[in-house]
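S.K.: sequence-free structure coming up:
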């Protein structure tokens, strides 16, 4: 199902539901596709992974969002779209039989950066809500329920990444609207490695990745797992050697 979470044309997601079973409501994977933050790459290129996760028994909410080249896209608009899409899922998806209290965020590449940042934000809100336990919550305040965050070849340090020379690395300044020399504080804000990660965060990284260096995982300060011979796009192809590692990690963090 194509569902709009906002008023802009690109503020929508694709919701896939597993076959009905007698078991409990399926948990939800909210997936954020990559593509160097550029509008040349859209939600379509991650459909195979979404289908595989749905066949594995998960509901999948694959988010489209405004990117570089779209009005409102870039920093921080793209992140705001992801957070808005997550809020929409939590508010609306119970009607589709989804367990909105069991959610994992997953993002690939540039989408991994956005998912990790959203996970940090939502973890912070959950902690704030827990501190108010026993007190009356402010009107409309809700405690976010996100159980895990998984970064697939995720970009975690925007400053170091922007200094690279491949086509995705050189797109960083377009996404940020400035170079790291011009706006170091913004790059720090946009770097998941500089914040407080969601307590159940795992990075999965291929050692043969030619687009996102393995140091984006190993130097992130977050839990990570690296795998020899896996490349950048292997994570979104269910027939690759990466998929068993992905589904194992997901089932470990968000069991069916």
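M.R.: Nice, thanks for sending it over. Here the structure is a predicted model, which is why all the values come from computation and not from measurement. Residues are numbered from 1 along each chain as shown.

S.K.: give the buried residues for stretch 202-213.
M.R.: 202-206, 209, 211-213 (16 or more other CB atoms under 10 Å). In this view, the C-beta of every residue, glycine as well, is placed from N, C-alpha and C.

S.K.: among these, which two are most distant?
M.R.: 202 and 211 (19.7 Å; CB to CB).

S.K.: residue 180 contacts residue 158, correct?
M.R.: Yes: look at residue 180 against residue 158 with CB atoms under 8 Å: they come within range, at 7.3 Å.

S.K.: identify the contacts common to these two.
M.R.: residue 187 (CB atoms under 8 Å, 6 or more residues apart in numbering).

S.K.: pLDDT averaged over whichever strand or helix holds residue 111, what's the number?
M.R.: Using DSSP states H and E, the element containing residue 111 is helix 110-131. Helix 110-131 comes out with an average pLDDT of 77.

S.K.: for the following helix or strand past that helix, which strands pair with it and how are they oriented?
M.R.: Sequence-wise, the next helix or strand downstream of helix 110-131 (DSSP H and E) is strand 148-152. Sheet pairing for strand 148-152, assigned by DSSP bridges, gives strand 99-108 (parallel), strand 201-206 (parallel).

S.K.: select, out of the ones you listed, the one closest to residue 44.
M.R.: Closest among the strands paired with strand 148-152, once you apply CB to CB, is strand 99-108, at 13.5 Å.

S.K.: shaky segments in the chain?
M.R.: Scanning the chain for pLDDT under 70 picks out the ranges 21-23, 124-144.

S.K.: can you pull out the helices in it?
M.R.: Per DSSP state H, the chain carries helices over the ranges 47-55, 77-92, 110-131, 158-162, 172-176, 184-189, 215-218, 243-253.

S.K.: ok, residues contacting the fourth one?
M.R.: So that's helix 158-162. Taking CB under 8 Å, 6+ apart as the rule, helix 158-162 contacts 113, 155, 169-170, 172-173, 176, 179-180, 184, 187-188, 190-191, 212-213, 215-216, 219.

S.K.: do the first one as well
M.R.: Outside of helix 47-55, the residues within contact range by CB under 8 Å, 6+ apart are 14, 16-18, 29, 31, 60, 62, 235-238, 243, 247, 250.
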